[in-house]
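[1] Fold the following, please.
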Amino acid sequence: YASAQYGRIHVMNLDADNDATAFKVIDEIYDTPNQLFDGSPQPGETGRQVTGIVFDPASTPTNQILYVSHSDPEIFEETEPGQSSVYPASGRVTKLVLDGQANVVSQQDVVVGLPRSGENHSPNGMEFGPDGWLYLSLGGNTNAGGQAKPFGYFPEVPLSGAIVRLDPGAIGATPVDVTASSTFTFTDPCGSGESVGSGCSAAATVPTTIPNVPNKFELYASGFRNGYDIAWHSNGSLYLNENNHNTGFGDTPDATTAPAGACAGPSSPVGNPPDKLFLVQQGAYHGHPNPSRGECVLFGGVQPIGEFQSKSSTTGLAEYTSNAVGPILKGQLLATNYAIGKNLQRVKLSANGQQVLEKADVATGLDSPIDVIVAPNGDILVAEHNIAPSFASGRIKRITPTLTNGFTSFGPQVDVDGDGYSDLLV
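    Model (predicted):
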């Protein structure tokens, strides 16, 4: 199963060699209605931005339970306060129950009202933890904690830039609704032709209450700018890839940032620091400011255990769990770098999982790799996004590690872009 950016979930049949044949497309998430900034219907906007899908471990071949994180499909609006059409509480987690032929038997939202930025940060990667809870990374509403035009002047809210967890088994027919903690009101919105400082301001009324629901839903960890993916490791630890700040997209918060007075002192610009790998600590702050939670110190709190290249947009994260090449690779993390680098890297951890011992390329020359998983036979499957020259299609590649030379292509039977790795489905 693989989701396209705007919510169509593609189902493929894989043979013993992991060669794929298209089977069907699931449109239930794509068909989800969208809303305007004020929550009213937006009938002309189609599709949903999907950045996370995961199967419940309790799934069987004839009772497949798929969870999907999705939100408003609009990106890169760069609007003045009050002019964005993005609904800031458009994030949802939806449960799809499928039969053995991937037909949707039932559809149910389990959480609604999750925060969604005015840029492209949104509800992201998900994974079931060893406790049976479903963990979800939520992107931040700002570049560095302060409101700015590239993010539509959206402020941070109590659940943005964080990891939350939910217990699907404890949520009945009525979804957990956190809308009140994700919506905000601009108190001096911009009219036509106005801009911040010239007729209007970014002042906003912002909620500050964390909407924990006992035994069902709770904030797990905070302080992540855009934790694109998470991975529970066999060592019992949770890891996260964070996309770090970009020059010109917004500064740190100050006393005027919503909620006003939450963070003292002047704001400061940020550069392009490296993307980060975090060993997530429950209940702790990990360095991305959020005034609505009173978290104001950039790079304060828990420090990362590793770094990737600056502006690499490190996205997918997975543990290599197979014995296909013996102990050589097992237990290492695999990470995709979407922008700068455009590669797949491996990260070797220390025995206690608290340090990075080695980081090296696995595959280079990929087309905007955005996610990675490990197949049962040890093949590494990489999703590519925005394939040239049209930048309107995606592809899944298969990479097979070998004992003789580390990593090599399998085949390839189809290799449209000539990079030496097999294209499973274009």
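[2] Now do the helix or strand hosting L66: everything it contacts.
    Here L66 is covered by strand 64-71, with elements defined by DSSP states H and E. Strand 64-71 is contacted from outside by 1, 3, 7, 9, 29, 32, 48-56, 58-59, 90-100, 102, 110, 114, 116, 122-126, 134, 136, 168, using CB atoms under 8 Å, 6 or more residues apart in numbering. Quick note: C-beta positions are derived from backbone N, CA and C, even for glycine.
[3] which of the residues you listed count as buried?
    1, 3, 7, 9, 29, 32, 48-54, 56, 90-98, 102, 110, 114, 116, 122-126, 134, 136, 168 (16 or more other CB atoms under 10 Å).
[4] Among the residues you listed, which are located in strands?
    Assigned to strands by DSSP state E, the following of these qualify: 3, 9, 49-54, 91-98, 110, 114, 123-126, 134, 136.
[5] Between strand 49-55 and the strand holding L66, find me the angle.
    Calculated by axes from the mean of the first three to the mean of the last three CA atoms, to 10 degrees, strand 64-71 forms an angle of 160 degrees with strand 49-55.
[6] Can I get strand 64-71 in PDB? Just the C-alpha atoms.
    Provided in PDB are the C-alpha atoms of strand 64-71 (Å, rounded to 0.1, in the frame of the first residue of the first chain):
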ATOM      1  CA  GLN A  64      -6.800  -5.300   7.200                       C
ATOM      2  CA  ILE A  65      -6.900  -2.300   9.500                       C
ATOM      3  CA  LEU A  66      -5.200   0.700   8.000                       C
ATOM      4  CA  TYR A  67      -4.700   4.100   9.700                       C
ATOM      5  CA  VAL A  68      -4.200   7.200   7.600                       C
ATOM      6  CA  SER A  69      -3.100  10.700   8.800                       C
ATOM      7  CA  HIS A  70      -4.400  13.500   6.500                       C
ATOM      8  CA  SER A  71      -5.200  17.200   6.300                       C
END
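[7] so what strands line up beside that strand?
    Applying DSSP bridges to the sheet, strand 64-71 is found paired with strand 49-55 (antiparallel), strand 91-98 (antiparallel).
[8] Please produce JSON lines containing those, extended by distance to R398 and mean pLDDT.
    Below are the strands paired with strand 64-71 laid out as JSON lines (distance: least, CB to CB, whole Å; pLDDT from 0 to 100):
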{"stretch": "strand 49-55", "distance to R398": "19", "mean pLDDT": "97"}
{"stretch": "strand 91-98", "distance to R398": "24", "mean pLDDT": "98"}
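[9] To V164, which of those strands lies closest?
    strand 91-98 (9.4 Å; CB to CB).
[10] and for the closest one, what are the contacting residues?
    Strand 91-98 is contacted by residues 26, 28-29, 32, 63-71, 104-116, 122-123, 126, 134, 136, 138, 166, 168, 182 when judged by CB under 8 Å, 6+ apart.
[11] switch to 7 Å and redo it
    Strand 91-98 is touched from outside by 28-29, 63-71, 104-112, 114-116, 122-123, 136, 168, with contacts defined as CB atoms under 7 Å, 6 or more residues apart in numbering.
[12] Quick one, which of the residues you listed are buried?
    For those, buried by 16+ other CB under 10 Å: 28-29, 64-71, 104, 109-112, 114-116, 122-123, 136, 168.
[13] Using the three-state scheme, assign the nearest residue to G39 once chain neighbours are set aside.
    Among residues not flanking G39 along the chain, Y87 sits closest, at 6.2 Å (CB to CB, 6 or more residues apart in numbering). Three-state call for Y87 (DSSP: H, G, I helix; E, B strand; the rest coil): coil.
[14] what sits against Y87?
    35-37, 39, 72, 116.
[15] low pLDDT regions in this structure?
    Residue ranges of the chain with pLDDT under 70: 387-392, 403-426.
[16] Helices along that one, start to end?
    179-182 (DSSP state H).
[17] residue with max distance from the center of it?
    Ranking residues of the chain by C-alpha distance from their mean position (CA atoms, centre = their mean) puts G199 at the top, at 35.5 Å.
[18] residues touching it, list them.
    By CB under 7 Å, 6+ apart, the contact list for G199 reads 190-191.
[19] Tell me the spacing between it and G191.
    G199 sits 7 Å away from G191, going by CB to CB, to the nearest Å.
[20] Can you tell me which residue is spatially central in this protein?
    The centre of the chain sits closest to N124, judged by CA atoms, centre = their mean, with a distance of 2.4 Å.
[21] which residues pair with Q35 across the strands?
    As for beta bridges, Q35 partners with P41 under DSSP bridges.
[22] That one reaches V86, doesn't it?
    No. The criterion here is CB atoms under 7 Å, and Q35 misses it with V86 at 9.3 Å.
[23] So the two - more neighbours on which side?
    The neighbour count for Q35 versus V86, taken as other CB atoms under 10 Å, is higher for V86 (27 against 17).
[24] Pull the contacting residues for that one.
    Residues in contact with V86 (CB under 7 Å, 6+ apart) are 37, 72, 74, 77, 116, 118, 152.
[25] Please spell out the PyMOL selection for the buried subset of those residues.
    Only the buried entries of those go into this PyMOL selection, using 16+ other CB under 10 Å:
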select buried, resi 37+72+74+77+116+118+152
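[26] between the contacts of V86, which is nearest Y220?
    Closest to Y220, out of all of the contacts of V86 and judged by CB to CB, is R116, at 18.9 Å.
[27] which residue packs closest to that closest one, ignoring adjacent ones?
    Leaving aside its chain neighbours, R116 sits nearest to S71 (4.1 Å; criterion: CB to CB, 6+ apart).
[28] for F186, same thing?
    Computed as CB to CB, 6+ apart, the closest residue to F186 that is not its neighbour in sequence is P81, at 4.3 Å.
[29] close enough to count as contact, that neighbour and C190?
    Yes. Counting by CB under 7 Å, P81 does reach C190; the two are 5.3 Å apart.
[30] Does Q332 touch Q345 like I think?
    No. Judged on CB under 7 Å, Q332 makes no contact with Q345 at a distance of 9.8 Å.
[31] pretty sure S117 contacts N143?
    No. In this structure S117 lies outside contact range of N143 using CB under 7 Å: 9.7 Å.
[32] So if I had to pick from the two, which one is more boxed in?
    Remark: of S117 and N143, S117 carries more neighbours, 30 against 27, as counted by other CB under 10 Å.
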